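Q: after the sequence you'll find the predicted model.
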Amino acid sequence: MTEGLYVAAQKTASSRARRTLLLIAAIGIAPVIASYAAYYFWPPQARDNYGELLSTRPAPLVEGVRSDGQTFRLAELRGRWVLLMSSPARCDAICERMLYATRQARTIQGGDQDRVMRVWFVTGEGDASPALLAQHPGLAVVRIDEAAQANPATFDGRIYLIDPLGNWVLAWPADPDIKALAKDLGRLLRASQIG
């Protein structure tokens, strides 16, 4: 009789050990199965930038004169994100849309907007309209010489982003989708610990 109880107790212990082992294996395998199921039933959406991702290279060492007469060097803005555009001083409709887009994209960043500097390289004769400049507080308006304008990478009519290390990052078209531009900028600001 005692021997029968001993065998029954042993079978119960063995059964319990087997269940424990299976439970541990299931707990270990469950995340793998869940990840495969999530991938195949809810495939990830492609994350593409709206702007054109540029090859990493330093921005040119552009110098000019600010609208207040002070000397400007693009290299002095290292440590900040720079939204850069160039256009003649007599700002046409495309230029106005670029200025508006950069202002709105910066404003949408909320508390991070102070990390972003907007720069307008003014080309050609004349001065920018004071009424236009009044609509864009904080915009650095810089007149550059013709030698600096010879760099086609900066003066091809697009909006550029320069990172805090002084490298090209993205380029957007002259008439961008403001929300998409702001989303690109916001993603970079969240991911970056510098600037």
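A: Looks like it came in fine.

Q: please tell me how far Leu170 sits from Arg90.
A: Look at Leu170 and Arg90: by Cβ to Cβ, to the nearest Å, they are 27 Å apart. For the C-beta atoms, the positions are set from N, CA and C on the backbone; glycine is no exception.

Q: so this structure: which segments form each domain?
A: 1-44, 52-191 (automatic domain parsing).

Q: of Leu170 and Arg90, who's got more company?
A: Neighbours per residue, other Cβ atoms under 10 Å: of Leu170 and Arg90, the larger number sits with Leu170, 21 against 13.

Q: so what pairs up with the more buried one in the strands?
A: Taking DSSP bridges, one finds Leu53, Leu161 as the beta-bridge partners of Leu170.

Q: need the contact list for it.
A: By Cβ atoms under 8 Å, 6 or more residues apart in numbering, the residues touching Leu170 are Asn49, Gly51, Glu52, Leu53, Leu54, Tyr160, Leu161, Asp184, Leu188.

Q: buried among the residues you listed? Need that as a selection in ChimeraX.
A: Buried residues among the contacts of Leu170 (16 or more other Cβ atoms under 10 Å), as a ChimeraX selection:
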select :51,54,160,161,184,188
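
Q: need the worst-confidence member of the contacts of Leu170.
A: Lowest pLDDT among the contacts of Leu170: Asn49, with 85.

Q: quick one, what contacts that residue?
A: Leu170, Asp184, Arg187.

Q: and it, helix, strand or coil?
A: On the three-state scheme (DSSP: H, G, I helix; E, B strand; the rest coil), Asn49 is labelled coil.

Q: now it: phi and psi?
A: Main-chain torsions, Asn49, degrees, to the nearest 10: phi -80, psi 150.

Q: excluding covalently adjacent residues, which one is nearest to Pro88?
A: Gly124 (3.7 Å; Cβ to Cβ, 6 or more residues apart in numbering).

Q: shouldn't that neighbour be in contact with Asp92?
A: No. Here Gly124 does not reach Asp92: they are 11.1 Å apart, not a contact under Cβ atoms under 8 Å.

Q: to what extent is the closest residue in space to Glu63 that isn't next to it in sequence buried, counted in neighbours?
A: With sequence-adjacent residues excluded and distances taken as Cβ to Cβ, 6+ apart, Glu63 is closest to Arg73, at 5.2 Å. Here the number of neighbours of Arg73 (other Cβ under 10 Å) works out to 12.

Q: who's in contact with Arg73?
A: Here Arg73 is in contact with Leu61, Val62, Glu63 (Cβ under 8 Å, 6+ apart).

Q: scan those residues and report the most crowded one.
A: Val62 (22 neighbours).

Q: so what does that residue look like in phi/psi?
A: Torsion angles, degrees, to the nearest 10, at Val62: phi -90, psi 140.

Q: again, but for Trp81
A: For Trp81, the backbone dihedrals (degrees, to the nearest 10) come out as phi -80, psi 140.

Q: before we move on, what about Arg115?
A: phi -80, psi -10.

Q: quick check: it touching Leu83?
A: No. Counting by Cβ under 8 Å, Arg115 does not reach Leu83; the two are 11.0 Å apart.
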